[in-house]
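In: structure for this input, please:
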Amino acid sequence: MRSSRFLAGLALASSTFAQNATFCASGNVCFAVNVPQSTASSGSGDIFIQMSGPSTMSWIGLGQGGSMSGSNIFMVYANAAGSNVTVSPRLGVGKVEPTTSGSTAQITLLSGSGISNGQMIANFRCSNCGSWSGGSMSLTDASSNWIWAYRSGAAVSSDSLSVNLAEHSRYGSTNLNLQQATGGSSANPFATTVASTASGTTGSTGSSAGSGSQTTFNNVRMAHAILGPIAFVIFYPLGAIAMRVMSFKSLVYMHAGWMLFTYLMVLACMGMGVWMAVLRDQMNTPHSIIGLVVVGSLLIQPVTGLTHHLLYKRVGRPNGATYPHIWWGRAVITLGIINGGLGLRLSANTKTGEIAYGVVAGIMWFTWMAVIALAFMRSRNKLQGETGDGAFRLRDNNDSTTRMTGQDSPPQQTFHAGERPMSQQSTVVAEPFYRG
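Out: Now for the predicted structure:
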């Protein structure tokens, strides 16, 4: 009788106790995975994950996949109170901070999690980790791919799932045999255990760039993030607006110099962007691709601008290069402004930063468009200068002054098409240009 009870208890225990696949990286950071028997049988369902390490860690990360790009990643860090942990599901988008955008992982933090006795432990259940946006994993794979990373340093201390996290101190990859991790039906297989052995197959490991290299990267990223918006959001629109609202001798040449200087800023910005994209394997991202298209497209502007100017000097009116210069420039600069927002998303900027950029860029763009519309309405059916409505207003002011002094307007002369009076050829401050 006693032996039968023992065997029944042993059978119950064998059906309850879970099997774990575990792996410990450097720094006493360990991971463990359990796949319940029901999940293994059906091919989908809950799996259990434990992540643990010294409480001196800023954060610990574990991801399903062989590389950061497209991985289903879990980031663990201290909560705001410092007594428990926050588990943030994220998606890997390349060699940058994983993003919370698009993550659909359904996780539940379980008992046994917390920070005590110098240990930070996260026990959680994931209900849909068989597949995610950009990838999938067989939950019975004998050699499943996982990546890991951690950062030593000050605690994050946040309850937010989308808090910005600094770059890892160390990282690596491993393979876990999920067949060995299969078993049990416990609602929390890690309630009383902490992984401390390495049954997973050790993969590649590495450390992040030294503080000097990281500082250089951060400085370049900051310069790129400053020069780009200054060029596309401020300098380019101002250069176009000036042609509409100002009128003085050599304004056309000032416009050309202003735009050329701005393009040199764009080239410097592109150089820094390419350097970072190659370093972080981001050349195939929309921000990088659009950026190269924009910079290349802007090369046409000096050619069409100069062609227009030379032809105007000959015929005295808009020509075949005028409107391509105008509308191509407007389209490419607008695309550059939009691409700045994509850059902020790529760098995982804060929502506040993204909103601030959107507000400033929106105000500048709509101001630019409003000036174009106003100048167009004022200049319809009227001769205007190359520098836009400003020249038209200057002529109106001169006419008004003549009438106020009681003088008659000078007699109008008739000219053939393409001809201009000698006085206009010698003193005109602008040429018909930015109309429409």
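In: CA only for contacts and neighbour counts going forward, please
Out: Noted.
In: any idea how far Asn219 is from Ser26?
Out: 29 Å (C-alpha to C-alpha, to the nearest Å).
In: tell me the contacts of the residue nearest the centre of the chain?
Out: Taking C-alpha atoms, centre = their mean, the centroid of the chain lies closest to Leu346, which sits 1.9 Å from it. Neighbouring residues of Leu346 by C-alpha atoms under 8 Å, 6 or more residues apart in numbering: Val96, His287.
In: all helices for the protein, in order.
Out: Along the chain, counting by DSSP state H, helices occupy 2-16, 37-42, 211-229, 236-245, 251-279, 286-298, 300-315, 322-346, 351-379, 389-404, 422-427.
In: of all those, which one is nearest Asn145?
Out: helix 37-42 (17.1 Å; C-alpha to C-alpha).
In: list the buried residues for that closest one?
Out: Within helix 37-42, the residues scored as buried using 16 or more other C-alpha atoms under 10 Å are Gln37, Thr39, Ala40.
In: ditto for stretch 71-91
Out: Under the neighbour-count criterion of 16+ other C-alpha under 10 Å, stretch 71-91 has 71-79, 82, 84-91 buried.
In: quick one: low-confidence parts of the stretch 101-250 of the chain?
Out: 193-214 (pLDDT under 70).
In: winner for burial among the helices of the chain?
Out: Ranked by mean neighbour count, the helices of the chain are led by helix 236-245 with a mean of 21 (mean count of other C-alpha atoms under 10 Å).
In: by how many degrees do it and helix 211-229 diverge?
Out: 20 degrees (axes from the mean of the first three to the mean of the last three C-alpha atoms, to 10 degrees).
In: from the chain's centroid, how far away is helix 236-245?
Out: Helix 236-245 has its C-alpha centroid displaced from the chain centroid by 28 Å (C-alpha atoms, centre = their mean, to the nearest Å).
In: show me what that helix is packed against.
Out: Under the contact criterion of 3 or more C-alpha pairs under 8 Å, 6 or more residues apart in numbering; DSSP states H and E, helix 236-245 touches helix 251-279, helix 351-379, helix 389-404.
In: swap in 10 Å and give it another go.
Out: helix 251-279, helix 322-346, helix 351-379, helix 389-404 (3 or more C-alpha pairs under 10 Å, 6 or more residues apart in numbering; DSSP states H and E).
In: to Gln19, which of the ones you listed lies closest?
Out: Closest of those to Gln19 is helix 322-346, at 39.2 Å (criterion: C-alpha to C-alpha).
In: state the mean pLDDT of the closest one.
Out: Averaged over helix 322-346, pLDDT sits at 91.
In: using CSV, write out every CA atom in stretch 280-294.
Out: Taking C-alpha atoms only, stretch 280-294 is exported to CSV below (Å, rounded to 0.1, in the frame of the first residue of the first chain):
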residue,chain,number,x,y,z
ARG,A,280,25.5,48.9,-37.8
ASP,A,281,24.4,46.9,-40.9
GLN,A,282,21.6,49.4,-41.8
MET,A,283,22.3,50.2,-45.4
ASN,A,284,19.1,48.4,-46.4
THR,A,285,16.8,50.4,-44.1
PRO,A,286,14.3,52.9,-45.7
HIS,A,287,16.1,55.8,-44.0
SER,A,288,19.4,54.9,-45.6
ILE,A,289,18.0,54.2,-49.0
ILE,A,290,15.8,57.3,-49.2
GLY,A,291,18.7,59.4,-47.9
LEU,A,292,21.0,58.3,-50.7
VAL,A,293,18.2,58.9,-53.3
VAL,A,294,17.6,62.4,-51.9
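In: returning to that earlier point: please name whichever of the helices and strands packed on helix 236-245 is nearest to Val294.
Out: helix 322-346 (6.0 Å).
In: what separates that closest one from the chain centre, distance-wise?
Out: 16 Å.
In: relative orientation of that helix and helix 300-315 in degrees?
Out: With the same axes, to 10 degrees as the basis, helix 322-346 and helix 300-315 are set at 160 degrees to each other.
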